[in-house]
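Enquirer: no FASTA, just this:
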């Protein structure tokens, strides 16, 4: 399904999208395997698979083109808790099928996350990324996200996952 201009349609994911979401996400993230610190990709891949198996409480969106899922993203609500606190809603696992890149699909998914967050009346939207994801970082910055060092995570020595925030007020 595409709109009249041929752009992919952004919609809520359904249970029938699960396999396509899994495949698109892993295909999109596998390109980083060689650029990651040795031994990190299997751990990250396992985290991706576990997250996709049970994405709740996230809203899962897909970009569909010609009946195929070509992109996906998770939008988590703000949360407080001991395990992980999110002061604002957070985008996670934005993925575009490698063959569909360069068509604005990632930006369209991000715009939908921004619109839904803004409509909920929340003051900001956040995300986390790493330096190996340079193309994604550049897109986030073009969209107005700024590095928010207070959101940075250091899951292991020498590994920094950078926090970014978009003010919506």
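Expert: Alright, I've got the coordinates. Since the structure is predicted, the reported quantities are computational estimates derived from the model, not experimental observations.
Enquirer: from now on I want contacts and neighbour counts done on CA atoms only, so please keep to that.
Expert: Noted.
Enquirer: output the below-cut-off pLDDT ranges for the protein.
Expert: 1-6, 80-85 (pLDDT under 70).
Enquirer: which residue ranges form the helices in it?
Expert: 18-30, 40-53, 105-119, 134-142 (DSSP state H).
Enquirer: tell me which residues of the third one are tucked away?
Expert: In other words, helix 105-119. For helix 105-119, burial by neighbour count (16 or more other C-alpha atoms under 10 Å) applies to 105, 106, 107, 108, 109, 110, 112, 113, 114, 117, 118.
Enquirer: make CSV out of the helices of the chain and add distance to residue 99.
Expert: What follows is the helices of the chain, written out as CSV (distance: least, C-alpha to C-alpha, whole Å):
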stretch, distance to residue 99
helix 18-30, 10
helix 40-53, 20
helix 105-119, 11
helix 134-142, 15
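Enquirer: closest to residue 61 out of the ones you listed?
Expert: helix 105-119 (7.5 Å; C-alpha to C-alpha).
Enquirer: give me the contacts around the closest one.
Expert: Under the criterion C-alpha atoms under 8 Å, 6 or more residues apart in numbering, residues 8, 10, 61-63, 70-73, 75, 89, 91, 94-96, 124-125, 139, 168 lie in contact with helix 105-119.
Enquirer: cool, and stretch 141-157?
Expert: By C-alpha under 8 Å, 6+ apart, stretch 141-157 touches 128, 140, 160, 161, 162, 163, 164, 165, 166, 167.
Enquirer: what residues are up against the third one?
Expert: Spelled out, it's residue 160. Neighbours of residue 160 in contact, by C-alpha under 8 Å, 6+ apart: 130, 152, 153, 154.
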